[in-house]
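Participant: structure, please.
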Amino acid sequence: MDHDAAQTSTGDTGELTQLLHVAQRGENAHEAEARVVELAYNEMRRIAGAIADPRSHTVNATALVHEAWIKLSGNLGSVTDRRHFLALAARAMRQVMLDAARARKTGKRGGDRHRFTLHDADGAHDAARAVIDLADIHDALGALRSTHPRQAEVFELRAFGTLTFAEIAGIVNVSESSARVDWQFARASIRAGLDPS
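Facilitator: Numbers count the residues shown, from 1 in each chain. Predicted coordinates for the structure are as follows:
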């Protein structure tokens with residue numbers, strides 16, 4: 001699925017931002033909070049559907065949403081807008097997937113490793129169908145974050161948050177074309193970190 005073509009099914013993308021502001025001001029807070037929960041949860045289901053590998057028995061899309069929601073739901077009051085929420089959701093989902101992969105690996109005593117399909121800049125699987133170990137991606141992402149934090153954030157938002165380049169550009173405060181360049185750089189750096197030869 002093309003990440004940029006994927007549109008949220010929750011209506012106007014600005015609605016979540018507006019409702020977050022209403023809830024934070026305390027005006028009709030109860031109704032706004034209920035709608036925020038609905039929209040936020042639907043956004044997370046959309047993301048999980050795009051990144052959870054149905055062939056993996058480590059974590060399915062439903063479990064991914066539930067576990068990531070537990071991490072995020074108590075912090076909705078501090079979320080400033082939809083972009084901020086999507087950035088936090090991407091990070092929470094990556095952490096849930098990593099935790100599940102580590103738990104499964106420990107349970108199997110080094111057996112199964114959770115695999116993650118890395119998407120190319122157009123959102124399609126590349127020719128090699130790059131399926132990479134999630135723990136290895138986490139380590140390579142940490143190394144990239146130490147030297148190129150913005151590019152690491154772009155990678156996380158794109159690969160785990162399935163955000164469009166326009167959304168990413170708004171989060172990291174760069175142009176859309178710069179976000180694309182950052183993605184390409186980060187993706188190449190992650191690959192180099194995974195295969196240093």
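
Participant: where does this protein have low pLDDT?
Facilitator: Judged by pLDDT under 70, the chain has its weakly predicted residues at 1-13, 27, 53-58, 105-132, 195-197.

Participant: now do the helices in it.
Facilitator: Secondary structure of the chain, counting by DSSP state H: helices at 13-25, 29-51, 61-73, 82-107, 134-147, 149-159, 165-172, 176-194.

Participant: return the most buried member of those.
Facilitator: Greatest average neighbour count among the helices of the chain goes to helix 149-159 (a mean of 22), per mean count of other Cβ atoms under 10 Å. Backbone N, C-alpha and C define where each C-beta goes, glycine included.

Participant: what angle sits between it and helix 134-147?
Facilitator: 150 degrees (axes from the mean of the first three to the mean of the last three Cα atoms, to 10 degrees).

Participant: helix 149-159: how far from the chain's middle?
Facilitator: How far helix 149-159 lies from its chain's middle: 9 Å, per Cα atoms, centre = their mean, to the nearest Å.

Participant: what packs against that helix?
Facilitator: helix 82-107, helix 134-147, helix 165-172, helix 176-194 (3 or more Cβ pairs under 8 Å, 6 or more residues apart in numbering; DSSP states H and E).

Participant: mind giving me TSV with those helices and columns for distance to residue 159?
Facilitator: Shown next, in TSV, are the helices and strands packed on helix 149-159 (distance: least, Cβ to Cβ, whole Å):
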stretch	distance to residue 159
helix 82-107	8
helix 134-147	8
helix 165-172	11
helix 176-194	8
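
Participant: mind checking these for the one nearest to residue 62?
Facilitator: For the helices and strands packed on helix 149-159, distance to residue 62 was read as Cβ to Cβ. The smallest value, 11.8 Å, belongs to helix 82-107.

Participant: give me the angle between the closest one and helix 165-172.
Facilitator: 90 degrees.

Participant: who touches residue 84 in this structure?
Facilitator: By Cβ atoms under 8 Å, 6 or more residues apart in numbering, residue 84 lies in contact with residue 171.

Participant: that one and residue 78: what is the separation?
Facilitator: Distance, residue 84 to residue 78, by Cβ to Cβ, to the nearest Å: 9 Å.

Participant: for residue 167, see how far away residue 194 is.
Facilitator: 26 Å.

Participant: same deal with residue 49?
Facilitator: 17 Å.

Participant: now residue 47. Nearest residue, chain neighbours left out?
Facilitator: Distances taken as Cβ to Cβ, 6 or more residues apart in numbering place residue 162 nearest to residue 47, at 5.2 Å, with adjacent residues excluded.

Participant: ok, that neighbour touching residue 50?
Facilitator: Yes. The criterion here is Cβ atoms under 8 Å, and residue 162 meets it with residue 50 at 4.3 Å.

Participant: what's the burial count for residue 26?
Facilitator: For residue 26, the tally of surrounding residues (other Cβ atoms under 10 Å) stands at 9.

Participant: picking up where we left off before, among the helices and strands packed on helix 149-159, which comes closest to residue 28?
Facilitator: Closest among the helices and strands packed on helix 149-159, using Cβ to Cβ: helix 82-107, at 18.8 Å.
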